[in-house]
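Trainee: Kindly return the folded structure for what I paste below:
(chains A and B)
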Amino acid sequence: MVADFTRSERVTALILLGGLIFIGLAMAIGGRNDLMGVHGWMVAAAGLWGFFAFVRGYDLPEPSAESLAEYYDSPTRVGIILTLIWGIVGMAAGFWVAALLAWPDLTFDVAWLSFGRLRPIHTSGVIFGFGGNALIATSFHVLQRTSRARLPDAISPWFVLLGYNLFCVVAASGYLMGMTQSREYAEPEWYADIWLVVVWVTYFAIYMRTLARRKEPHIYVANWYYMAFILVVAILHIVNNLAVPVSFGAAKSYSLFSGVQDAMTQWWYGHNAVAFFLTAGFLGMMYYYLPKRAGRPIFSYRMSIISFWGITFMYMWAGSHHLHYTALPHWVQTLGMAFSVVLLVPSWASAGNALLTLNGAWHKVRDDAVLRFMALAAIFYGITTFEGSFMAIRAVNSLSHYTDWTIGHVHAGALGWVAMITFGSLYSIVPSLFKRERIYSQKLVELHFWLALAGTVIYVFAMWNSGVIQGLMWRTYDESGTLSYSFLESLEAMHPYYIVRAFGGLLFVLGAVTALYNVIMTIRMPAIDTAPDIHGDLPVRPALQAGE
Amino acid sequence: MFGFHYRLERSAIGLVVFIIFVASIGGLIEIAPLFTIDETVEQVEDMRVYTPLEVAGRNIYIREGCYACHSQMIRTLRDEVDRYGPYSLAVESSYDHPHLWGSKRTGPDLARLGNKYSDDWHTAHLYNPRDLVPQSKMPAYRWLLRDQLRIDDLGDHLKALRAVGVPYSDEQIANATSDAYGQANPDSPQAAGVAERYGEATNIRAFDGRPGPLTDMDALVAYLQVLGTLTDVAHTSLQAEIE
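Mentor: Predicted structure coming up:
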């Protein structure tokens, strides 16, 4: 890593890492009477680790002019490994909390092993650890190829990747210690939030600086999606996390908003975290890797345009459908429902665009498990967005909300869409990225595909069943006009489904372990001089200038 | 239209500006009016703030992730009102920073839990849910009885809450620590001040069944016992609807 840096970049990195150590020590001292102090020591340790790495590598030869003329892929390589590791951590935590719901005594009287503290490790682990790393890694890859330009410098991509992972580690360790803002998908406390803003602004700057150096007049579709993802997530993150800390030496903070306004702000964030993190970002991935792998141009450019602006505009209205029949004013609930229903149009424009791109390449889908991952992702994207629009309808929502149906829905999206498109994309770039001839084992990719598909189907059907049963039991009346079932009876009815769900999750995490093994074995294969040009992504040499 | 787009996709700045513009509209129209329209939150006279001990208990509720399985929002649906009580009004969570309406009910709704069960029941239930409810899927929270409650910084908590809009007085902030102690120790000299500052209706008792040093259990039970009782407006407005 240090060898990728020029001498002046190494000096800058040392200064930045010194700053990080200073911040960590300040947090450790300021928060010595609080759990925040633990995070301070962790930050300082991370800074020290980087500082020594640079001191030790300071005298390594500078990168050659030739290597500076190539695309800069080191952060992407590391990002892919981190993606898979976080995926396994997050999915294993998911399996474990699923098991806790069937057998609650697995808590063993240990606070940090209880459901409430492990549950956010699962959600943040898969959304931010797995999903975020996948987005950062692939966006660097796509950005350079579609712009025909190298990333602007060596420091900022590493700062974004490793700074982001520091955020993830602080978040996850905080949950174990009981630090949480209790805002779904936005649980980390105020100082982690501020750190993420710094990382994110740098990420945005990389995008703008690389686009400024691009050799293609048009900005490719995938980059619109990645840019919408970066920009809107920044807006959502900042507004949703506005809070007043108890003191600068304490982790605890109080949200600026309360009650109704706070609920609306949180769901505006929560639903659009799905929209711009888990949809727009991964659509960026899909719009680049799926046509590449299929060897066919995207079916309709105009449909891409309509879909992009439709999603960008309409998703931001849809969050209030999470608050049907609550104390939120009725007009806001209705607006949310209306836009959620219309949202199906741009969503299906993208899902259809992907599937129609495969038209004429179905034999490849049959033979190539990697492309099958992507095709299946597009299908699940279509299913989930239909279900989402359906569930936003008031009458349906009254049944589904607060039940496992919602859990089934988000997992159809997370496992079927987000994870599948990620696995497909990773498998398709790993060989060329590491300059290997091929993936280590095609059979293991095949195995992973079927584990992932079986896991998803088992999981989702279990939750659909339990959710609908639960919702119906809650609202069933007998002839005398009294409720037929106690809450406890509905809870008992869930037990078998919770066991089935845990089994589905186990299959899925086993698939992710297979992926990590396959990628590591691929890296251990002998390197070849140049990657086979199956992706047509070798840089146009004259178009790149050294040290630019 | 596509001609305009042809030019737009050649400009990074243009795309950025347009994305921010298009994405901002929905949020602005739905969220901004919530802060200005009077009807969003009802005005009621009898609404009281959480005591310092209840604030501490609420923070333990958040710390242990209780909101992941329990909602605090009774919807305006017949079965929910029949099962849990009058539906929740906006004003009832107007001092809740953040809100805890939840999104999943693995356990029942807690919006009207206050005064429904005894302190003993809550303490035993949190210590091991299956002692009282054999089918329960809730974890046992035994450490709540073991862990000492931190109360020395509650003044800072109240101050931060005042900064975001909860009307705590200077006196309440200054006495936060002693009020927290007093609320769980009815025989202590600090107890009198609690009723004086937070009203006669405030629960003052040893919530975990043991007077003396405070535990996390004291705070959490104190919080659970006040859910849905900060104001009576939900009961009275439902009564008015029936009549």
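
Trainee: And residue A:43, how far from chain B?
Mentor: 22 Å (CB to the nearest CB, to the nearest Å). Using the backbone N, CA and C atoms, a C-beta is placed for each residue, glycine as well.

Trainee: repeat for residue A:487
Mentor: 5 Å.

Trainee: Which pLDDT value goes with that residue?
Mentor: On pLDDT, residue A:487 comes in at 97.

Trainee: ok, now residue A:535?
Mentor: At residue A:535, pLDDT is 47.

Trainee: residues contacting residue B:122?
Mentor: Residue B:122 makes contacts with B:207, B:220-221, B:224-225, as judged by CB atoms under 8 Å, 6 or more residues apart in numbering or on different chains.

Trainee: Next step: those restricted to strands.
Mentor: Using DSSP state E to define strands, no part of the contacts of residue B:122 is located there.

Trainee: Let me know the closest of those to chain A.
Mentor: residue B:220 (12.3 Å; CB to the nearest CB).

Trainee: Now do the SS call for the residue lying farthest from the centre of chain A.
Mentor: In chain A, residue A:480 marks the outermost C-alpha relative to the chain mean, sitting 49.6 Å out by CA atoms, centre = their mean. Under DSSP: H, G, I helix; E, B strand; the rest coil, the three-state class of residue A:480 is coil.

Trainee: For it, give its distance to chain B.
Mentor: 12 Å.

Trainee: Would you report the backbone torsion angles of that residue?
Mentor: phi -80, psi 0 (degrees, to the nearest 10).

Trainee: mind listing the strands for chain A?
Mentor: Using DSSP E, strands in chain A cover A:243-245, A:253-255.

Trainee: Strand partners (parallel or antiparallel) of the last one?
Mentor: To tie it back to what came earlier, the one meant is strand A:253-255. strand A:243-245 (antiparallel) (DSSP bridges).

Trainee: Point out where the stretch 51-200 of chain A drops to low pLDDT.
Mentor: Applying pLDDT under 70 to the stretch 51-200 of chain A picks out no residues at all.

Trainee: Quick check, the residue in it closest to chain B?
Mentor: residue A:116 (2.4 Å).

Trainee: dump the residue contacts of residue A:104.
Mentor: A:115, B:129-130, B:136-140.

Trainee: Highest neighbour count among these?
Mentor: residue B:139 (28 neighbours; other CB atoms under 10 Å in any protein chain shown).

Trainee: my guess is that residue meets residue A:115, correct?
Mentor: Yes. Contact between residue B:139 and residue A:115 holds when scored by CB atoms under 8 Å: they sit 5.4 Å apart.

Trainee: Tell me which residues touch the closest residue to chain A within chain B, please.
Mentor: Taking CB to the nearest CB as the measure, chain B has residue B:65 as its residue closest to chain A, at 2.4 Å. Going by CB under 8 Å, 6+ apart, residue B:65 touches A:114-117, A:119-120, A:180, A:182.

Trainee: Tell me how many other residues surround residue 58.
Mentor: Answering for chain A, as no chain was given. Neighbour tally, residue A:58, other CB under 10 Å: 14.

Trainee: hmm, I had chain B in mind actually
Mentor: Residue B:58: 24 neighbours (other CB under 10 Å).

Trainee: what helix or strand is it on?
Mentor: Using DSSP states H and E, the element containing residue B:58 is helix B:52-63.

Trainee: which element follows that helix toward the C-terminus?
Mentor: Next element after helix B:52-63 (DSSP H and E): helix B:78-84.

Trainee: So which elements touch that next one?
Mentor: Packing partners of helix B:78-84 (3 or more CB pairs under 8 Å, 6 or more residues apart in numbering or on different chains; DSSP states H and E): helix A:442-475.

Trainee: ok, residues contacting the helix holding residue B:58?
Mentor: Residues contacting helix B:52-63 (CB under 8 Å, 6+ apart): A:116, A:178-182, A:252, B:50, B:67, B:100, B:144, B:149-151, B:154-155, B:157-158, B:161, B:172, B:176-177, B:179-180, B:183-184, B:214, B:216, B:218-224, B:226.

Trainee: could you redo the last one with a cut-off of 7 Å?
Mentor: A:178, A:180, A:182, A:252, B:50, B:149, B:151, B:154, B:157-158, B:176, B:179-180, B:183-184, B:216, B:218-220, B:222-223, B:226 (CB atoms under 7 Å, 6 or more residues apart in numbering or on different chains).

Trainee: now do stretch B:129-136
Mentor: Against stretch B:129-136 from outside (CB under 7 Å, 6+ apart): A:488, A:491-492, B:121, B:124-125, B:138, B:140.

Trainee: model confidence over the helix ranked longest in chain B, on average?
Mentor: Criterion DSSP state H: the longest helix present in chain B is helix B:12-36. The pLDDT scores in helix B:12-36 average 93.

Trainee: Show me what it is packed up against.
Mentor: In terms of contacts (3 or more CB pairs under 7 Å, 6 or more residues apart in numbering or on different chains; DSSP states H and E), helix B:12-36 is packed against helix A:190-212, helix A:221-240, helix A:259-272, helix A:301-314, helix A:330-342, helix B:2-8.

Trainee: Could you export those as CSV, including mean neighbour count and distance to residue B:236?
Mentor: Formatted as CSV, the helices and strands packed on helix B:12-36 follow (neighbours: other CB atoms under 10 Å in any protein chain shown; distance: least, CB to CB, whole Å):
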stretch, mean neighbour count, distance to residue B:236
helix A:190-212, 18, 38
helix A:221-240, 23, 34
helix A:259-272, 25, 19
helix A:301-314, 20, 40
helix A:330-342, 19, 21
helix B:2-8, 11, 56
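
Trainee: Might you list the low-confidence residue ranges for chain A?
Mentor: Residues of chain A that meet the cut-off, pLDDT under 70, sit at A:530-548.

Trainee: middle-most residue in it, spatially?
Mentor: Short answer for chain A (CA atoms, centre = their mean): residue A:131, at 2.1 Å.

Trainee: ok, now chain B?
Mentor: Short answer for chain B (CA atoms, centre = their mean): residue B:96, at 4.9 Å.

Trainee: Now that residue. Its backbone dihedrals?
Mentor: phi -90, psi 100.
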